[in-house]
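In: Give me the fold of what follows.
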Amino acid sequence: MVTGNLRSMRSRRGPAATSRHAHRLTRVDRSLPQAVGEPVRAVVVGGGIAGVTSALLLAERGVAVTLLERDEQLGGRLAAWPKRLADGSTQMVDHGFHAFFRQYYNWRNILRRIDPALSFLRPAEHYPVVSRAWPDEDFGGLPGRPPWSLLALIARSPSLRLREMRDVDGPAATALLKYSRAQTYREFDTMSAADYLDRLAMPDRARALLFDVFAHSFFNHAAEMSAAEMIMQFHFYFLRNAEGLAFDAPDDDYQTSIWTPLCERLQKLGADIRTGAAVDRIEPGWTVTLTGGAQVRADHVVLATDPASARRIVAGSPGLTGTAPRLASGMETVRTTAPYAVSRIWTDRDVAADRAIFSSVAREPLLDSVSLFHRLERGSARWSRDTGGAVVELHAYAADDGLDAEGATRDMWSELTAIWPETKTLRAVDSDTRIGYDAPAFDVGSDATRPGVTTDADGLYLAGDWVRMPFPCALMERSAASAAMAVNAILSRHGVRPVQVYSVPPRGLLA
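Out: As a prediction, the model looks like this:
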């Protein structure tokens with residue numbers, strides 16, 4: 001239950017502790033039991049952040065959980081798997097760099113189950129935006145609490161010179177500071193992010209280095225993305241986030257640092273984890289049918305796959321389409337966005353010593369970010385020490401349809417050489433490139449039809465970074481927060497104490 005009684009979380013004790021800046025969104029009745037008192041079965045479909053979060057929180061409360069994942073490893077878009085290089089070594093690869101921002105309160109509380117101190121997360125000392133057209137700008141080191149973070153950015157950023165800001169549209173800019181769930185989506189969901197930025201009339205450099213980079217990092221083209229969604233994300237990441245723009249990243253690959261220990265914890269709690277288990281349909285009652293005909297029965301189901309898979313499963317479940325018309329019609333409107341490209345390149349020599357672990361890239365046709373994994377993850381660091389080379393990841397967040405892996409690697413590397421001159425002399429000794437098609441779209445007007453966590457299919461819940469949420473959150477945190485809400489909906493059916501859900505302040509500074 002989300003309430004208006006928001007309080008700061010100040011306790012730092014135990015695995016559920018979180019930042020003192022986090023706001024509680026759940027009223028927890030401590031007179032309720034912490035675990036179910038009768039046998040309760042749940043099936044969680046999808047083994048990414050949303051699915052594993054759902055399974056773990058349910059298993060901790062005594063629910064018998066079966067977790068079904070179609071791939072051979074857990075993790076979804078945060079998965080990692082081994083690759084054999086030409087030199088005979090084995091290195092881990094993944095779907096791309098993820099920044100673990102410090103206002104990811106719900107996701108971080110899950111990670112505290114495996115490391116209460118989060119000691120495996122390494123802080124990124126810098127957060128530069130680089131461009132061949134302008135000098136680099138670093139968004140690291142800003143004060144945490146708003147509005148001081150905004151004032152400090154204005155004071156130090158050459159992209160925000162006051163004399164160049166006089167033509168900025170005041171009402172449009174004020175909308176960033178007046179975020180509220182109902183009003184912002186009512187006014188701006190039918191406008192594209194590109195149209196909103198045009199209306200905002202920021203100087204070109206400010207738009208390129210601040211807003212265009214920001215909007216693109218959510219895997220959606222600005223011309224297709226809801227302006228309300230972009231305003232919410234700006235609120236969540238900057239204007240009401242007291243943690244600042246600092247972020248962390250795991251000091252080893254995702255499989256080693258996250259999924260293996262979380263899997264072990266789930267198994268200790270009695271969860272049945274099945275990988276390579278694709279789901280064909282879900283029927284009320286509840287029966288989950290896997291490809292090949294095997295069935296799993298449960299009292300509750302959490303559908304926590306990527307959006308395309310969720311849409312396919314619902315469409316292929318006659319019992320759902322017949323008895324849950326709102327779910328069926330809402331899922332028909334859910335879609336994936338533009339493809340993304342990730343190229344991990346092993347080189348014969350290193351890049352310049354002063355390059356940041358992660359850099360956003362502005363105004364290149366394809367390249368959106370550069371990550372240096374040999375300065376971050378232990379496995380890559382060992383390879384670098386042994387060979388003298390670098391492990392460079394190039395990432396395009398929202399590419400054009402029809403992009404191929406070979407062309408993506410070639411074009412992104414060419415764009416990098418125009419930004420980092422020393423890379424012109426590096427030689428690639430191996431590479432791994434993949435094109436992904438599973439990021440959620442937040443189309444103009446889509447909020448009105450986007451399904452939420454609870455559905456009109458009694459006992460079926462949705463979780464993922466594509467689900468409609470009543471408070472600000474995005475990406476990994478949206479996955480974890482929606483999963484916590486789905487778990488609370490199940491626990492409430494059995495009179496069990498809910499898990500605490502956290503967020504940044506849900507309303508803007510001027511709301």
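In: tell me the domain ranges of this protein?
Out: 23-70+276-336+451-503, 79-98+247-252+337-436, 141-239 (automatic domain parsing).
In: So which residues of the stretch 51-200 of the chain form helices?
Out: 105-111, 148-156, 170-177, 181-188, 193-200 (DSSP state H, counting those that start in this stretch).
In: Keeping just the C-alphas, turn the shortest one into CSV.
Out: Listed in CSV are the C-alpha atoms of helix 105-111, where the atom choice follows Å, rounded to 0.1, in the frame of the first residue of the first chain:
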residue,chain,number,x,y,z
TYR,A,105,17.1,1.9,-2.7
ASN,A,106,15.0,-1.2,-3.3
TRP,A,107,17.5,-2.8,-5.6
ARG,A,108,20.4,-2.1,-3.2
ASN,A,109,18.4,-3.6,-0.3
ILE,A,110,18.2,-6.8,-2.3
LEU,A,111,21.9,-6.7,-2.9
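In: Now do it: distance to the chain's middle.
Out: 12 Å (CA atoms, centre = their mean, to the nearest Å).
In: just checking, what packs against that helix?
Out: helix 49-60, helix 475-493, strand 502-503 (3 or more CB pairs under 8 Å, 6 or more residues apart in numbering; DSSP states H and E). For glycine as for every other residue, the C-beta is placed from the backbone atoms N, C-alpha and C.
In: for the second one, packing partners?
Out: The criterion is 3+ CB pairs under 8 Å, 6+ apart, and the helices and strands that helix 475-493 contacts are helix 49-60, helix 105-111, strand 300-303, strand 460-462.
In: Can I get those in CSV including mean neighbour count?
Out: Formatted as CSV, the helices and strands packed on helix 475-493 follow (neighbours: other CB atoms under 10 Å):
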stretch, mean neighbour count
helix 49-60, 28
helix 105-111, 24
strand 300-303, 29
strand 460-462, 27
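In: hang on, the earlier thing: can you put the domains of the chain in a markdown table and add mean pLDDT?
Out: What follows is the domains of the chain, written out as a markdown table (pLDDT from 0 to 100):
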| stretch | mean pLDDT |
| --- | --- |
| domain 23-70+276-336+451-503 | 97 |
| domain 79-98+247-252+337-436 | 97 |
| domain 141-239 | 85 |
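In: okay, the helices and strands packed on helix 105-111 in CSV with distance to Asp465 next?
Out: Below are those laid out as CSV (distance: least, CB to CB, whole Å):
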stretch, distance to Asp465
helix 49-60, 7
helix 475-493, 4
strand 502-503, 15
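In: Name the strands paired with the helix or strand hosting Ala42 and say parallel or antiparallel.
Out: Per DSSP states H and E: Ala42 is located in strand 41-45. The strands beside strand 41-45 in its sheet (DSSP bridges) come out as strand 64-69 (parallel), strand 300-303 (parallel).
In: all strands of the stretch 251-400 of the chain, in order?
Out: With DSSP state E, counting those that start in this stretch, the ranges of strands along the stretch 251-400 of the chain come out as 272-275, 279-283, 287-290, 295-297, 300-303, 340-347, 358-361, 369-372, 391-396.
In: residues making contact with the fourth one?
Out: Read that as strand 295-297. Residues outside strand 295-297 that contact it (CB atoms under 8 Å, 6 or more residues apart in numbering) are Arg41, Val43, Thr66, Leu68, Gly285, Trp286, Thr287, Val288, Thr289, Leu290.
In: Alright, I will stop here.
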